[in-house]
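Participant: Need a 3D model of the sequence below.
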Amino acid sequence: MDLSEEKKREYVKRILLSRMRLLLKYGFYGLLLMHMRFGLDENCPTAYTDSERIAFNPSFLERLSNPELDFVMMHEILHVVLRHCQRRGDREPMRDNIACDIVVNSNILYSCGMDLNSITIRGFGVQMHLAPDGKEGYEYTAEEVYQMLPPMSDQGKSINFPGGPKKRGGGGKRTANRGGWDDHTHWREKEEDDEETVEDAEAGDFD
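Facilitator: Got it, this is the predicted structure:
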């Protein structure tokens, strides 16, 4: 996709307006987002964070409603704050991805008064928010949820547990190799002596 400068400005404006909405309605998330860089990445099918920036595929961004965009922004910044990008260690990637998403989505749900619409994306449904024991993910760390999940070494395997993405209550079947909308392939371990850079997310900080 060859983006015109006008289209790029339109996407930048949408992201900055989302950040402003969150700053006004959910100050905790909005303030955290003030310290993130943002970008457009056509090589990613949806959206991701690498702990330094939040990037969107333009087509995915185009399909999101404003409430859905706000949810994606909250979702990605919580991965950053909880250092999910750096905490994986030697855990199974797919199993860890699911555990981290359950914790993040449940915390957002709690912040939004347990309104399931706040963690719903068209085409992806209500996002996983319940741990395998049926309790809300915000009651646990990602490591604790990970331990509850079955091994997923067989990538063709499906699992059933209350935190699946299908039903309104968050229950259903989770296909291990299907994943969700959030792209975690950009997560990476950082060296302990790496300096973390934090930049104000003005329009000029878009990649």
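
Participant: any low-confidence regions in this structure?
Facilitator: Filtered on pLDDT under 70, the chain yields the residue ranges 1, 153-179, 189-207.

Participant: Let me see the ranges of the helices in it.
Facilitator: For the chain, the helices defined by DSSP state H cover 5-25, 27-33, 58-63, 66-81, 93-111, 142-148.

Participant: Just give the closest residue to Ile121, not the sequence neighbours.
Facilitator: Nearest non-adjacent residue to Ile121, counting by C-beta to C-beta, 6 or more residues apart in numbering: Glu68, 5.1 Å away. C-beta: built from backbone N, CA, C; applies to glycine.

Participant: ok, back up a step: next, format the helices of the chain as TSV and append mean neighbour count and distance to Asp182.
Facilitator: Shown next, in TSV, are these (neighbours: other C-beta atoms under 10 Å; distance: least, C-beta to C-beta, whole Å):
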stretch	mean neighbour count	distance to Asp182
helix 5-25	15	16
helix 27-33	17	16
helix 58-63	16	11
helix 66-81	21	7
helix 93-111	24	6
helix 142-148	18	13
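
Participant: Out of those, the one nearest Gln127 is which?
Facilitator: Nearest to Gln127, of all the helices of the chain, is helix 93-111, at 4.5 Å by C-beta to C-beta.

Participant: quick one: the closest one to chain centroid distance?
Facilitator: 8 Å (C-alpha atoms, centre = their mean, to the nearest Å).

Participant: now for it, which elements pack on it?
Facilitator: helix 66-81, helix 142-148 (3 or more C-beta pairs under 8 Å, 6 or more residues apart in numbering; DSSP states H and E).

Participant: Could you dump those helices into TSV and include distance to His186?
Facilitator: Formatted as TSV, the helices and strands packed on helix 93-111 follow (distance: least, C-beta to C-beta, whole Å):
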stretch	distance to His186
helix 66-81	10
helix 142-148	17
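
Participant: closest to Ser59 out of those helices?
Facilitator: Ranking these by proximity to Ser59 (C-beta to C-beta) places helix 66-81 first, at 13.5 Å.

Participant: hmm, who's touching the closest one?
Facilitator: Residues outside helix 66-81 that contact it (C-beta atoms under 8 Å, 6 or more residues apart in numbering): 14-15, 17-19, 21-22, 26, 29, 32-33, 36, 47-49, 51, 54, 56, 61, 64, 85, 100-101, 104-105, 107-108, 111, 117-122, 127, 181-182.

Participant: again, only this time at 7 Å
Facilitator: The contact list for helix 66-81 (C-beta atoms under 7 Å, 6 or more residues apart in numbering) reads 14, 18-19, 21-22, 29, 32-33, 36, 47, 49, 51, 54, 64, 85, 100, 104-105, 107-108, 118-119, 121, 182.

Participant: Kindly report the same for stretch 104-123.
Facilitator: Contact with stretch 104-123 is made by 26, 68, 71, 74-75, 78-79, 126-129, 136-138, 168, 181, as judged by C-beta under 7 Å, 6+ apart.

Participant: Of those, which is the nearest to Pro93?
Facilitator: His79 (14.0 Å).
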